[in-house]
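Enquirer: return atomic coordinates for the entry below.
(chains A and B)
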Amino acid sequence: GAGVSQTPSNKVTEKGKYVELRCDPISGHTALYWYRQSLGQGPEFLIYFQGTGAADDSGLPNDRFFAVRPEGSVSTLKIQRTERGDSAVYLCASSARGTVLGNEQFFGPGTRLTVL
Amino acid sequence: TQLLEQSPQFLSIQEGENLTVYCNSSSVFSSLQWYRQEPGEGPVLLVTVVTGGEVKKLKRLTFQFGDARKDSSLHITAAQPGDTGLYLCAGGTYKYIFGTGTRLKVLA
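Expert: As a prediction, this is how the structure comes out:
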């Protein structure tokens, strides 16, 4: 497909479980971003990849959250020991470049995570 | 810390009316983006403004970037039900800061 895709679209899990959320960026985009959007709010930055490396992970809320992008394309956001407060929509975005002025980010449909 | 505040937070209008949404900050941004988000979907990019004082038009939508690059506005002329959605402004070089959002509902 032409756009950013995310799987699964919905994920329901129990408190304390481990979850993985996947993002497929637009082909050729070197930069990839993860955001979290809580109900009624704008997205909040979590982590930014340029190629395979995490260029900025300052938005990750704690060490239960981790993300990888081993081959510079698909990325996986991993959450350990989930808590009810982790419930949100997790959005992935990609852009052709990372830090160039006016470089637009294109978002996927998101994964809605519900922790019971 | 850079913040973006949007107003109004909610807006419900009749089809055919005009409206303006504001995005304000005390910080200077190198560029601002406007997105529209519908329920269950990710934000869709509408426009990027880069130059202070810049005005961009997208059909019935007019976007303006403030001279000092601290604020932006979105004006919709003759709103239609298809304009309904959450409008978000965002700024930053790569680590986007999103505004608080304006939820627009256009009634037929």
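Enquirer: chain A contacts on chain B?
Expert: B:30-31, B:33, B:35, B:40-45, B:48, B:50, B:88, B:90, B:93-101 (CB under 8 Å from any CB of the partner chain). The way it works is simple: take the backbone N, C-alpha and C, and place the C-beta from them, glycine included.
Enquirer: in helices, which of the residues you listed appear?
Expert: The helices, defined by DSSP state H, take in nothing from the residues of chain B next to chain A.
Enquirer: ok, for residue A:71, nearest residue in space, not its chain neighbours?
Expert: Spatial nearest neighbour of residue A:71, chain neighbours left out: residue A:52 (6.8 Å); criterion: CB to CB, 6 or more residues apart in numbering or on different chains.
Enquirer: what's around the one you found, how many residues?
Expert: 13 (other CB atoms under 10 Å in any protein chain shown).
Enquirer: kindly report the same for the one 10 residues further on.
Expert: Residue A:62 has 9 neighbours, counted by other CB under 10 Å.
Enquirer: what about it, which SS state?
Expert: Classification of residue A:62 using DSSP: H, G, I helix; E, B strand; the rest coil returns coil.
Enquirer: where along chain B do the strands fall?
Expert: Ranges of strands within chain B are B:5-7, B:10-14, B:19-24, B:32-37, B:44-49, B:55-58, B:61-65, B:71-76, B:85-91, B:97-98, B:102-107, based on DSSP state E.
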